[in-house]
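>>> what's the 3D shape of this:
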Amino acid sequence: MNRVFVSVIVGAICAAATVSFAADRDVFDHDGQKNAPAGTKRIAFIGSHELHGGIGNHEFYAGSLYLARRINAVYPNAWAVVYTDDKWPKIAPDVDGIVVMINGGGRAADDPLIKAACDKGAGYMAVHWGTEVDKGRQGANYDAWIGGHCETFWSVNPFWKPEMTVGKHPITNGVKPFAIVDEWYYHMRFVDGMAGVTPILSAVAPLESVHYKEGDPPTDRGGNADVLKSVQNKEPQVMAWAYDRKDGGRGFGFTGFHVYNNLANDSFRTTLLNGVAWISKLEVPETGVPSTTPTKEELAALLHEAHPQPHSDGK
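Numbering: from 1, shown residues only. Below you'll find the predicted structure:
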């Protein structure tokens, strides 16, 4: 048989198998993921159903569905699944990546199974409120997993429009400087000397983003003397960062994504997708994890999937 013809046939069979496997990688098939073939990158998303400010705010479940499905569509050797925080999962010890998009990172930080997975090298990614944990054990775990965390009475959470400076890192592949309004937390509590931390998105914050005056008592998320001094000195504030752990594991923190529709911003969305891929040790293309700009209809469809009941717009 002609060698070229054989190559074509073999290639077609492999492609068909890949397509079949991809079709089976449903984000709700948790058992299927656990029993996936050796070499499959297993990624677990935990997303909050509960909103914070009405439809379109803290849409972490809808966001998890989008990111997980996109990763599955791009990477034949990856299988991302989505859990909800009201049905808290038992994370498998051999998972490759954990992504928390939840209203407060404390439960994840205290989860012994998540710690066991991270101790074995699983990557960890925390988004928005999922970056905030308490001092003590929770903060120590986050420092070990992602190199820092949002800390009350130290960090702040204003809505503002930073002019993002983009660092050099695989997570920034295909990401261009951008500016977009969101509740961008900043003045994170990082490991000493930011050892192992690479700023991904940073900007100089305006004074009005600190809701604090000298002599006033500090507030939990509004402001304090330390953050005021930092902003007055025009120090760049880091809002997304990568962390190379000493054990070879990887971490990523991203403080935005209060505003769901920001997924329509190409650089915002690509940063998130690249982060999922990188912490799971998937190759990030030079132009970033590919995706098309989601339309309003596509974003709305995800919201309806996340919240089957009628929305306030009657749709």
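
>>> tell me where the stretch 1-150 of the chain has strands.
41-47, 78-84, 97-101, 123-127, 148-149 (DSSP state E, counting those that start in this stretch).

>>> adding distance to residue 218, mean neighbour count and mean pLDDT, write those out as a markdown table.
Yep, even glycine has a C-beta here, placed from its N, CA and C like the rest. Below are the strands of the stretch 1-150 of the chain laid out as a markdown table (distance: least, CB to CB, whole Å; neighbours: other CB atoms under 10 Å; pLDDT from 0 to 100):
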| stretch | distance to residue 218 | mean neighbour count | mean pLDDT |
| --- | --- | --- | --- |
| strand 41-47 | 31 | 25 | 98 |
| strand 78-84 | 34 | 23 | 98 |
| strand 97-101 | 27 | 28 | 98 |
| strand 123-127 | 23 | 28 | 99 |
| strand 148-149 | 18 | 26 | 98 |
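
>>> residue contacts, the closest residue to residue 86 other than its chain neighbours?
Nearest residue to residue 86 in three dimensions, chain neighbours excluded: residue 49, at 5.8 Å (CB to CB, 6 or more residues apart in numbering). The contact partners of residue 49, by CB atoms under 8 Å, 6 or more residues apart in numbering, come to 61, 84-86, 306.

>>> selection in ChimeraX covering whichever of those residues are buried, please.
To isolate the buried ones among those in ChimeraX, judged by 16 or more other CB atoms under 10 Å, type:
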select :61,84,85,306
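
>>> pretty sure residue 93 sits against residue 114.
No: taking contacts as CB atoms under 8 Å, residue 93 lies outside contact range of residue 114: 10.0 Å.

>>> comparing those two, which residue is more hemmed in?
Shown here are residue 93 and residue 114; by other CB atoms under 10 Å, residue 114 has more neighbours (24 against 11).

>>> ok, now which ones touch residue 181?
Applying CB under 8 Å, 6+ apart to residue 181 gives the contacts 159-161, 259.

>>> can you give me the end-to-end distance of stretch 154-169?
27 Å (CA to CA, to the nearest Å).
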